[in-house]
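Engineer: no sequence for this one, just the structure:
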């Protein structure tokens, strides 16, 4: 299996989708900003294992913004399809549902009945529906991840244009300061909603192009590293080994996604981010730098594989886990951003896949493509090996 074809397929699908939907996404950002300005919250729903990673991912992005100077916006991730929505949903809230099924449709109907703004990615009775219309579920998920990253990034444009939101008075000018890289325009236009919508639409197209270019760079430039990593993972599975995955924040949700995909294929995998009791116990009693290395000590064996995701390439708890894995004779794989950070510079992993960007959302989007392709490479090699 060559990575060139998957790269081209992903770029084409993403470009088509965002070219068609950029204006609607810009208007959705405005609608969401209206809700946040009224005290609303974002509530994300999803039932299946792979959907829960998106639920957690969208929530952490809104609550813990990595953009300098941007406020935290309230978001909640419910890992069951609407089971707890009834007691929580309020009129000003935004409900975003991942996946399919009757329970999801029931939850969206409940939310609409409460007056919530609703979002879905296939027909389910939501006010805002975006049909990705791609046969490959991995590519569809990657496009949806890019979509909600853009919602998170660009809702701030309208939220900070006070004169464009109901019940708020205009201010003369807004200086976006350190976060100005998010938008191609320079100042608030307090009375011209259509002009700002157009600016945001153009920004969405710009971000989509950046994502496509980074996905292509990540897959093509790292083809040999991905191939070698797939050989290591396949060999581990054939000899009874386990894949162990970890990351922080949005990268933690990517670790969740990796493990859900691996388990769906019938292969053994552990997610070191999924148990909050273990994470908080280690962080409280030992320190956050040991959150993952202590789990490597508990679970790691020679013949296992550790897969670490880090946008910076230098998170101390990720580095500590990689070092511990090596001491235990485990194979190590790292997906990193920027210039590869400490992990690449110091050779802390056997196989390093670098997404060369400084924008965290774009890095995570490209890494999603990389670990999906890695899983497909493992599957192709396992099939040839007769397993």
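Structural biologist: Alright, I've got the coordinates. All values derive from a computational prediction rather than experimental measurement.
Engineer: the stretch 201-350 of the chain: helices as residue ranges?
Structural biologist: Using DSSP state H, counting those that start in this stretch, the helices of the stretch 201-350 of the chain run over 223-238, 250-264, 276-285, 293-299, 316-327, 341-345.
Engineer: nearest to residue 40, of these?
Structural biologist: Smallest distance to residue 40 across these (C-beta to C-beta): 22.4 Å, for helix 250-264. All C-beta atoms are positioned from the backbone trio N, CA, C, and that covers glycine.
Engineer: and the contacts of that closest one?
Structural biologist: Residues from elsewhere that reach helix 250-264 (C-beta atoms under 8 Å, 6 or more residues apart in numbering): 48-50, 52-54, 56-57, 60-61, 141, 243, 245-247, 268-274, 307, 309-311, 335, 360, 364, 367-368, 371-372, 375.
Engineer: picking up where we left off before, go through the helices of the stretch 201-350 of the chain and name the closest to residue 160.
Structural biologist: Nearest to residue 160 among the helices of the stretch 201-350 of the chain is helix 250-264 (22.7 Å), distances taken as C-beta to C-beta.
Engineer: mean neighbour count, the helices of the stretch 201-350 of the chain: which tops it?
Structural biologist: Mean neighbour counts were compared across those using mean count of other C-beta atoms under 10 Å; the top stretch is helix 250-264, at a mean of 23.
Engineer: show me what the longest helix anywhere in the chain is packed against.
Structural biologist: The single longest helix within the chain, with elements called by DSSP state H, is helix 4-37. Under the contact criterion of 3 or more C-beta pairs under 8 Å, 6 or more residues apart in numbering; DSSP states H and E, helix 4-37 touches strand 94-97, strand 117-120, strand 128-129, helix 137-159, helix 193-221, helix 360-384.
Engineer: try 7 Å
Structural biologist: If contacts are counted by 3 or more C-beta pairs under 7 Å, 6 or more residues apart in numbering; DSSP states H and E, helix 4-37 sits against strand 117-120, helix 137-159, helix 193-221.
Engineer: what distance separates it from the middle of the whole chain?
Structural biologist: 14 Å (C-alpha atoms, centre = their mean, to the nearest Å).
Engineer: need the next SSE after it, C-terminal direction.
Structural biologist: Note on helix 4-37: by DSSP states H and E, the next helix or strand toward the C-terminus is strand 42-45.
Engineer: how near is residue 330 to residue 324?
Structural biologist: For residue 330, the distance to residue 324 equals 9 Å [C-beta to C-beta, to the nearest Å].
Engineer: also residue 32?
Structural biologist: For residue 32, the distance to residue 324 - C-beta to C-beta - is 42 Å.
Engineer: tell me how many other residues crowd the closest residue in space to residue 268 that isn't next to it in sequence.
Structural biologist: Closest residue to residue 268 in three dimensions, ignoring its sequence neighbours and counting by C-beta to C-beta, 6 or more residues apart in numbering: residue 242, at 4.3 Å. By other C-beta atoms under 10 Å, 19 other residues sit near residue 242.
Engineer: ok, residue 242 - contacts?
Structural biologist: Shown in contact with residue 242 (C-beta atoms under 7 Å, 6 or more residues apart in numbering): 268-270, 304.
Engineer: same check on residue 354?
Structural biologist: Counting by C-beta under 7 Å, 6+ apart, residue 354 has contacts 222, 336, 340, 344.
Engineer: can you get me a residue count around the second one?
Structural biologist: Going back to what we said before, that points to residue 336. So residue 336, with other C-beta under 10 Å, has 29 neighbours.
Engineer: what pLDDT does it get?
Structural biologist: pLDDT for residue 336: 98.
Engineer: partner residues bridging it?
Structural biologist: Applying DSSP bridges to residue 336 gives these bridge partners: residue 310, residue 354.
Engineer: list the buried ones in stretch 135-149?
Structural biologist: Within stretch 135-149, the residues that count as buried by 16 or more other C-beta atoms under 10 Å are 138-149.
Engineer: now that stretch, how far from the chain's geometric center?
Structural biologist: Distance, centroid of stretch 135-149 to centroid of chain: 10 Å (C-alpha atoms, centre = their mean).
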